[in-house]
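Visitor: I'd like to go over a predicted model; first the sequence, then the structure.
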There are 2 protein chains.
Amino acid sequence: MSYFKHHVFFCCNQREPGETCCAARGAVEAQTYAKDRIAKLGLKGKGKIRINKAGCLDRCDEGPVLVVYPDNVWYTYVDKDDVEEIIQEHLVNGRVVERLKI
Amino acid sequence: MSYFKHHVFFCCNQREPGETCCAARGAVEAQTYAKDRIAKLGLKGKGKIRINKAGCLDRCDEGPVLVVYPDNVWYTYVDKDDVEEIIQEHLVNGRVVERLKI
């Protein structure tokens, strides 16, 4: 059994001004949004869902990015609506969001 | 196919002084050690291995902890010898290190 059913890592890397990075594209706000939403949905914790910040996930050109493990599914997103869709579709209902998958 | 064959996240969370946390138990140094070793072994990159820092992985009482995905294997460790054993056994040779598994 998986310790977390879905363990989500948002790349929150911050580079020097002018350089491409997920933090400059709203990653920290998106991670906070997802963490709060999962808590409010009662889905936080062991056997359920964990939303983490991570250092550079090394897919900068495709960013901002997140990865869902152990599912092994990577996503990009533009705004909170995209993050909400990943939460509702993938994390709650177990359906991969193909349009955001990378 | 997995974007990274092994994607390793070290909990590097730093709490207030006096509180239990992985950072106070050498996690940052351990992550740096692992990252450098993987680079030197030529195992860094797409299709191979990525060593990341992460925020609190929420297993503080068992810390310091790391998790290897998509393998879905969690470890604790005491020192660099333990980290080296995880690198050589699990990441290089694909054998789970049962004595450090949590």
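Guide: Great, that's in hand. Residues are numbered from 1 along each chain as shown, chains lettered A, B, ... in the order given.
Visitor: Which stretches in chain A count as helices?
Guide: A:27-40, A:80-85 (DSSP state H).
Visitor: How far away from the center of its chain is the first one?
Guide: The one in question is helix A:27-40. With CA atoms, centre = their mean, to the nearest Å as the basis, helix A:27-40 stands 9 Å off its chain's centre.
Visitor: ditto for stretch A:34-50
Guide: 13 Å.
Visitor: And it, what's buried?
Guide: Buried residues in stretch A:34-50, counted by 16 or more other CB atoms under 10 Å in any protein chain shown: A:34, A:35, A:37, A:38, A:43, A:44, A:49, A:50. C-betas here are computed from N, CA, C, even on glycine.
Visitor: out of these, who's nearest chain B?
Guide: Distances from chain B to those, taken as CB to the nearest CB, are shortest for residue A:50 (6.1 Å).
Visitor: mind listing what that closest one touches?
Guide: A:4, A:6, A:7, A:8, A:44, B:57, B:58 (CB atoms under 8 Å, 6 or more residues apart in numbering or on different chains).
Visitor: Who are the contact partners of the third one?
Guide: Spelled out, it's residue A:7. With CB under 8 Å, 6+ apart, residue A:7 has these contacts: A:49, A:50, A:52, A:68, A:69, A:70, B:67, B:69.
Visitor: Next: the fifth one.
Guide: For residue A:44, the residues meeting the contact criterion (CB under 8 Å, 6+ apart) are A:38, A:50, A:51.
Visitor: do you know which of the helices of chain A lies nearest residue A:97?
Guide: helix A:80-85 (5.7 Å; CB to CB).
Visitor: And the closest one, what's buried?
Guide: For helix A:80-85, the buried set under the neighbour-count rule, 16+ other CB under 10 Å, comprises A:82, A:83.
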